[in-house]
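Engineer: need coordinates for the following:
(2 chains, ligands or ions: 2)
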Amino acid sequence: MKRLQLTLLQIGVGIALLGIWHIVTNYPLLGDVKTARFFFSTPLDVTERIWKLFVSGSIWKHLWITLSETMLAFVIGSGAGIVIGFWFARQPLVAAVFDPYVKMANALPRVVLAPIFMLWFGLGIWSKVALGFTLVFFIVFFNVYQGVKEVSPVVLANARMLGMNERQLLRHVYWPSALSWMFSSLHTSVGFALVGAVVGEYLGSAAGLGYLIHEAEGTFDVTGVFAGMVILSAFVILIDYCVTLVEGRLLSWRPPAAGHS
Amino acid sequence: MTALTAAPVDASAAHAPAVALHEVSVRFGQGADLFEAVSRVDLCVAAGEFVAIVGPTGCGKSTLLNVAAGLLTPALGRAEIHGRPVAGITREAGYLFQQDALMPWKTALANVAVALEVAGIAQTEAQQRAQALLTRVGLARFLHRYPHQLSGGQRKRVALAQMLIRDPAILLMDEPFGPLDAQTRGLMGDLLLQLWQADRKAVLFVTHDLDEAISLADRVVVMSAGPSSRIVADHQIDLPRPRAINEVRHEPRFHALQRAIWDDLRDEVMKTYGAEMGGAA
Ligand SMILES: Nc1ncnc2c1ncn2[C@@H]1O[C@H](COP(=O)(O)OP(=O)(O)O)[C@@H](O)[C@H]1O
Ligand SMILES: [Mg+2]
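Structural biologist: Numbers count the residues shown, from 1 in each chain, chains lettered A, B, ... in the order given. Ligands and ions are numbered 1, 2, ... in the order given. Sure, this is the predicted structure:
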């Protein structure tokens, strides 16, 4: 009953917002309808545009491009983050030497890197992957580093007493601990991979959701911009949902309330 | 004839105590922060002997176990296992830690089986043996639970199985039943005695509960209040075995022993209590 009520309220808010949007852009209550439409388009136009994008099939290419950029940035960024995170955590000297440079690199707003990456990797998907990589890498790196560092000393001593050598400790203790920290930031890192892809597309490309929105903005096609934003949001929610499913499976050993972040 | 020719190789080790601490002192920190936890402790555990250590909180009981386990190197003195000096982790020993030490990302079964797997035993066999042992400690229905899904007493039983499955010659147990309720403690004590009775390993058992120490051990050793804690008393427990925890406590001999040991222990507990109250004021 509670659950149903909540869902109804949520749907109600959505309908109310759409209703206000519809009224403001169709009836001259707050001024000229034409002006309102120029700035905000109308809900029906946006729906129709989204419908057309899917029916004509032109959207699939853009979705696929953005998805592959996101996945590549996530996989490569996580891989590098895991390896370097482990390395730094196990070699305190290396970590100490590189510490200021890691901080410097992480402090840099990534958008400024976009033009450089385009110069280096071209306007195709790889410059976007690179941008996403710089975001994902640091999140995963810091979490894996922390995960290895924060292994409970008692669990570690116990594992040693059970006869584990360094390699076995890595496999049975450090690795699961690091992974649990990494997975606890899975939403953030996947989200940032997507941000990297879309921002990269927005700043210069020939395909992808970011490109779609940018192109519509270039021609003051507000309907196109809104349609792109709606599709992008739906896409993000879908990916986030998939991450939640994966997370539930991978972190089943953890008590529900406990979290690292 | 064969016995005569084979024996001399390890003749000294055969008669050496399972655990021997000679004049062991442990220090923490440096300079002005230097803190001597235990001072010149002599302690032996013979093969097959069950020794309990009691003493006020913070007196260095865990510290002594860590020295025997090879996790901590004493500042002075020697630690020997079967007559050989401790170097690195003591492989012959199993250690039941005071705190939760199970790997939280492994199920009860995996936590126990991994102790065999790392010794090179195939996974299927390791799991079969782990399952058999977990069944013996009464956890047959909880094999696939993660530590956080188990009660404190169940976790301790998993830890017990994890320690025992490698069949170590020496058991180091640090207040293993400390956080449990009275009934569970009694059950766990009986379980431990039952398992121990079967193959009589050398046990060094730390507890803050004098009754528990007397009902389990062959010998009870009393430590003084820290810092620079020493062993101040060593009592032989001549209660007959096999014992049942809840029954042995009603015997007159138990009460006599309890009174004698408590006389030694009380002063030390009061010293610690007084020092902590003084420090707090
Ligand atoms: N790593 C450490 N660094 C500094 N002091 C320690 C450390 N470990 C233990 N101590 C101190 O040594 C004393 C003995 O500790 P411990 O052996 O844990 O006592 P307990 O008898 O309660 O098990 C305590 O006063 C404790 O504060
Ligand atoms: Mg202790």
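Engineer: so residue A:174 touches residue A:151, yeah?
Structural biologist: Yes: the criterion here is CB atoms under 8 Å, and residue A:174 meets it with residue A:151 at 6.2 Å. Where C-beta positions appear, they are placed from N, C-alpha and C, glycine not excepted.
Engineer: where does pLDDT dip in chain B?
Structural biologist: Where chain B drops to pLDDT under 70, the residues are B:1-14, B:276-281.
Engineer: so is the spatially most central residue of it in a helix, a strand, or just coil?
Structural biologist: The centroid of chain B falls nearest to residue B:173 when counting by CA atoms, centre = their mean (2.2 Å). At residue B:173 the chain is in strand, as set by DSSP: H, G, I helix; E, B strand; the rest coil.
Engineer: specify the beta-bridge partners of it.
Structural biologist: Beta-bridge pairing for residue B:173 (DSSP bridges): residue B:96, residue B:205.
Engineer: residue B:243 and residue B:214 touch, don't they?
Structural biologist: No: shown here, residue B:243 and residue B:214 do not form a contact pair, counting by CB under 8 Å, at 9.9 Å.
Engineer: contact residues of chain B facing chain A?
Structural biologist: Residues of chain B lying close to chain A by CB under 8 Å from any CB of the partner chain are B:69, B:71, B:89, B:91, B:93-95, B:97, B:99-107, B:114-115, B:118-119, B:146, B:148, B:162, B:166.
Engineer: what strand or helix carries residue B:37?
Structural biologist: strand B:35-45 (DSSP states H and E).
Engineer: ok, residues contacting that strand?
Structural biologist: With contacts defined as CB atoms under 8 Å, 6 or more residues apart in numbering or on different chains, strand B:35-45 is touched by B:17-29, B:51, B:53, B:59-60, B:63-64, B:75-77, B:170, B:202-204, B:221, B:223, B:226-231.
Engineer: try it again with 6 Å
Structural biologist: Outside strand B:35-45, the residues that touch it by CB atoms under 6 Å, 6 or more residues apart in numbering or on different chains are B:17-21, B:23-29, B:51, B:60, B:63, B:202, B:204, B:227-231.
Engineer: counting neighbours, what do you get for the closest residue to residue B:58 other than its chain neighbours?
Structural biologist: The shortest distance from residue B:58 to any non-neighbouring residue, by CB to CB, 6 or more residues apart in numbering or on different chains, is to residue B:226 (5.5 Å). By the criterion of other CB atoms under 10 Å in any protein chain shown, residue B:226 has 24 neighbours.
Engineer: the residue of chain B found nearest chain A: neighbour count?
Structural biologist: Nearest residue of chain B to chain A, counting by CB to the nearest CB: residue B:101, 3.6 Å away. Using other CB under 10 Å, residue B:101 is surrounded by 25 other residues.
Engineer: what's the answer for the one 5 residues further on, then?
Structural biologist: Burial of residue B:106 is recorded as 20 neighbouring residues (other CB under 10 Å).
Engineer: excluding sequence neighbours, find me the nearest residue to it.
Structural biologist: Once flanking residues are discounted, residue B:106 sits nearest to residue B:114: 6.5 Å by CB to CB, 6+ apart.
Engineer: mind checking how far that neighbour is from residue A:22?
Structural biologist: 62 Å (CB to CB, to the nearest Å).
Engineer: and the two? which has more neighbours close in?
Structural biologist: Comparing residue B:114 with residue A:22 by neighbour count (other CB under 10 Å), the higher total belongs to residue B:114, at 26 against 13.
Engineer: sorry, back to before: for the residue nearest to residue B:106, phi and psi?
Structural biologist: Backbone dihedrals for residue B:114, given as degrees, to the nearest 10, come out at phi -60, psi -30.
Engineer: residue B:104 too?
Structural biologist: Backbone torsions of residue B:104, given as degrees, to the nearest 10, read phi -70, psi -20.
Engineer: got the contact list for it?
Structural biologist: Counted by CB under 6 Å, 6+ apart, residue B:104 has contacts residue B:147.
Engineer: rerun at 10 Å
Structural biologist: A:152, A:155, A:176-177, A:180, A:253-255, A:258, B:111, B:146-148 (CB atoms under 10 Å, 6 or more residues apart in numbering or on different chains).
Engineer: check residue A:27 and give its pLDDT.
Structural biologist: Residue A:27 carries a pLDDT score of 87 in this model.
Engineer: ok, now which ones touch it?
Structural biologist: Neighbours of residue A:27 in contact, by CB under 10 Å, 6+ apart: A:33, A:36.
Engineer: may I ask which helix or strand encompasses residue A:66?
Structural biologist: In this structure, residue A:66 is located in helix A:58-90 according to DSSP H and E.
Engineer: buried stuff in that helix?
Structural biologist: A:59, A:62-63, A:65-67, A:69-74, A:76-78, A:81-82, A:84-89 (16 or more other CB atoms under 10 Å in any protein chain shown).
Engineer: setting aside sequence neighbours, what's the nearest residue to residue B:166?
Structural biologist: residue B:115 (5.2 Å).
Engineer: cool, and residue A:130?
Structural biologist: Excluding the flanking residues, the one nearest residue A:130 by CB to CB, 6+ apart is residue A:117, at 4.4 Å.
Engineer: what residues does that neighbour make contact with?
Structural biologist: A:110, A:126-131, A:133-134, A:196, A:200, A:203-204.
Engineer: switch the cut-off to 7 Å
Structural biologist: The contact partners of residue A:117, by CB atoms under 7 Å, 6 or more residues apart in numbering or on different chains, come to A:127, A:130, A:131.
Engineer: check which helix or strand it maps to.
Structural biologist: Per DSSP H and E: helix A:114-121 holds residue A:117.
Engineer: can you give the distance from the helix or strand following that helix to the centre of its chain?
Structural biologist: Per DSSP H and E, the first helix or strand lying C-terminal to helix A:114-121 is helix A:125-149. Its chain's C-alpha centre and that of helix A:125-149 lie 12 Å apart, by CA atoms, centre = their mean, to the nearest Å.
Engineer: I'd like the mean pLDDT over helix A:125-149, please.
Structural biologist: 92.
Engineer: just the angle between that helix and helix A:58-90, please?
Structural biologist: 40 degrees (axes from the mean of the first three to the mean of the last three CA atoms, to 10 degrees).
Engineer: ok, which stretches of the stretch 151-281 of chain B are helices?
Structural biologist: Counting by DSSP state H, counting those that start in this stretch, the stretch 151-281 of chain B has helices at residues B:152-164, B:182-199, B:210-216, B:245-248, B:252-280.
Engineer: thank you, goodbye.
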